[in-house]
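Student: task: produce atomic coordinates for the following.
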Amino acid sequence: MVAPAFEYVPAASYDEAVRLLAASAAGGAEAKLLAGGQSLMPMLNLRLAHPDLLIDLNPADQRPPAMAEDEHGGLLRLPALTRHRVLLEHDLVRRGCPLLAEAVRYVGNVRVRNRGTIGGSLAHADPTSEIGCCALASGAQVVARGPAGDGQSDRTVPVSDLFAGYWATTLAESEIITDVLIPAARPGTGWSFHEMVRRTSDFAIVAVAVTVNLAERNGAIAAAHVALAGVADRVVLADPELTAGLMGSTADEDLDAAAARIAERLEPASDVHASGAYRRRLARVLTARALRQARARAAGEST
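Tutor: Predicted structure coming up:
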């Protein structure tokens, strides 16, 4: 397996990378961005991608891997080039977004986690993505930089509006993710991530990420968010009406009922790895399991 020939350019800044993307598009050439390369390089070697230009983003962002926390807005700002390994090990992520720190250990293998990036994962938009699943459940946003007149401009895109289908996003052709913003977990927040794979480091057959907030007054559920991967052409967030029955609840039966409602609404496709019916059943089981664990963690119970 040999990649097709392409021109390689290391971008000194995000602004330069945006200009290169825009110039390539204007000239009818295809350009690809290289961040961690853990998805791109296999696609190049299999000739599923054949760009004329490969733009290396690694020189574009020299910020240290440590993330910044906005104490006033309650947001974690993660540079897009943050490696998965850093997400797994960094204390700020463990405190501010424990769901992400827990799920990243399921991503690929140690080599993938050492090179893969959070921005690259979200931009790749794999429908089985653990990081995309957690970003949805956490209410994350991405900062996208693109051309605007004679300069550059940034816009903030909720991850719930980012995914458009199989390996497709709503980003414009010349936009690049520069940062990921994740609301920091508050007291009374519980989380859980579960997935089913055939073998360790495989793509998920089904994955579920859950966040739960409990009311201080009585410990009942005040908010719940459920995201699922492997059940559609993109990572999906369960419709709020399907979790509405959980509000004010303290009963396990309500968690099981909500999981059943969410699974019934899904229409997963069948493939060589699993049938649609099996994926739907997995979604129900894993969602119920994740809701129970998230609620227990929110209540301060050991799990």
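Student: ok, which stretches of the stretch 51-200 of the chain are helices?
Tutor: 84-89, 91-96, 98-104, 110-115, 118-124, 130-138 (DSSP state H, counting those that start in this stretch).
Student: any stretches of the chain with poor pLDDT?
Tutor: For the chain, the stretches with pLDDT under 70 are 1, 65-73, 149-152, 303.
Student: ok, back up a step: just the helices of the stretch 51-200 of the chain: most buried one?
Tutor: helix 130-138 (a mean of 28; mean count of other CB atoms under 10 Å). All C-beta atoms are positioned from the backbone trio N, CA, C, and that covers glycine.
Student: contacts for that helix?
Tutor: 84, 97, 99-100, 103-104, 106-107, 118, 121-122, 125-126, 140, 159-160, 163, 180, 182-183, 191, 193, 195, 204, 207-211, 225-229, 235-237 (CB atoms under 8 Å, 6 or more residues apart in numbering).
Student: for that helix, what is the distance to the chain centroid?
Tutor: Remark: helix 130-138 is offset 4 Å from the chain centroid, using CA atoms, centre = their mean, to the nearest Å.
Student: next one: stretch 142-156
Tutor: So, by CA atoms, centre = their mean, the centroid of stretch 142-156 is 21 Å from its chain's centroid.
Student: tell me which residues of that stretch are tucked away?
Tutor: Buried residues in stretch 142-156, counting neighbours by 16 or more other CB atoms under 10 Å, are found at 142-147, 152.
Student: do stretch 270-282 as well
Tutor: Buried-residue list, stretch 270-282, by 16+ other CB under 10 Å: 274, 279-280, 282.
Student: just stretch 189-200 next, same as before
Tutor: Quick answer for stretch 189-200 (16+ other CB under 10 Å): 189-197.
Student: same question, stretch 43-60
Tutor: In stretch 43-60, counting by 16+ other CB under 10 Å, buried: 43-44, 49, 51, 53-55, 57, 60.
Student: next, the contact list for residue 102, please.
Tutor: Contacts of residue 102 by CB under 8 Å, 6+ apart are 191-193.
Student: at 7 Å instead, please
Tutor: Contact analysis of residue 102 by CB atoms under 7 Å, 6 or more residues apart in numbering lists residue 193.
Student: how close does it sit to residue 28?
Tutor: 44 Å (CB to CB, to the nearest Å).
Student: what do you get for residue 265?
Tutor: Using CB to CB, residue 265 is found at 42 Å from residue 28.
Student: again with residue 190
Tutor: 51 Å.
Student: do the same with residue 138
Tutor: Taking CB to CB, one finds residue 138 at 39 Å from residue 28.
Student: what's the answer for residue 300, then?
Tutor: 58 Å.
Student: looking at those two, which has the bigger crowd around it?
Tutor: Using other CB atoms under 10 Å as the criterion, residue 300 and residue 28 rank with residue 300 on top: 11 against 7.
Student: where does that one fall, secondary structure wise?
Tutor: Assigned by DSSP states H and E, residue 300 belongs to neither a helix nor a strand.
Student: can you tell me how far it sits from residue 212?
Tutor: Relative to residue 212, and taking CB to CB, residue 300 is found at 13 Å.
Student: and residue 106, its phi and psi?
Tutor: Torsion angles at residue 106 (phi, psi; degrees, to the nearest 10) stand at phi -90, psi -10.
Student: what's near enough to touch it?
Tutor: By CB under 7 Å, 6+ apart, the contact list for residue 106 reads 130, 195.
Student: show me where this structure has its strands.
Tutor: Shown for the chain, the strands assigned by DSSP state E span residues 7-10, 31-34, 53-56, 68-70, 75-79, 141-148, 151-158, 163-165, 168-169, 176-183, 189-196, 206-214, 221-229, 236-237.
Student: nearest to residue 251, out of these?
Tutor: strand 221-229 (9.9 Å; CB to CB).
Student: can you state the direction angle for that closest one and helix 130-138?
Tutor: Angle, strand 221-229 to helix 130-138, by axes from the mean of the first three to the mean of the last three CA atoms, to 10 degrees: 160 degrees.
Student: show me what strand 221-229 is packed against.
Tutor: helix 130-138, strand 206-214, strand 236-237, helix 276-298 (3 or more CB pairs under 7 Å, 6 or more residues apart in numbering; DSSP states H and E).
Student: so residue 191 touches residue 208, yeah?
Tutor: No - look at residue 191 against residue 208 with CB atoms under 7 Å: they stay out of range, at 11.4 Å.
Student: returning to that earlier point: so which of the buried residues of stretch 189-200 comes closest to residue 7?
Tutor: Nearest to residue 7 among the buried residues of stretch 189-200, with distances taken as CB to CB, is residue 197, at 37.1 Å.
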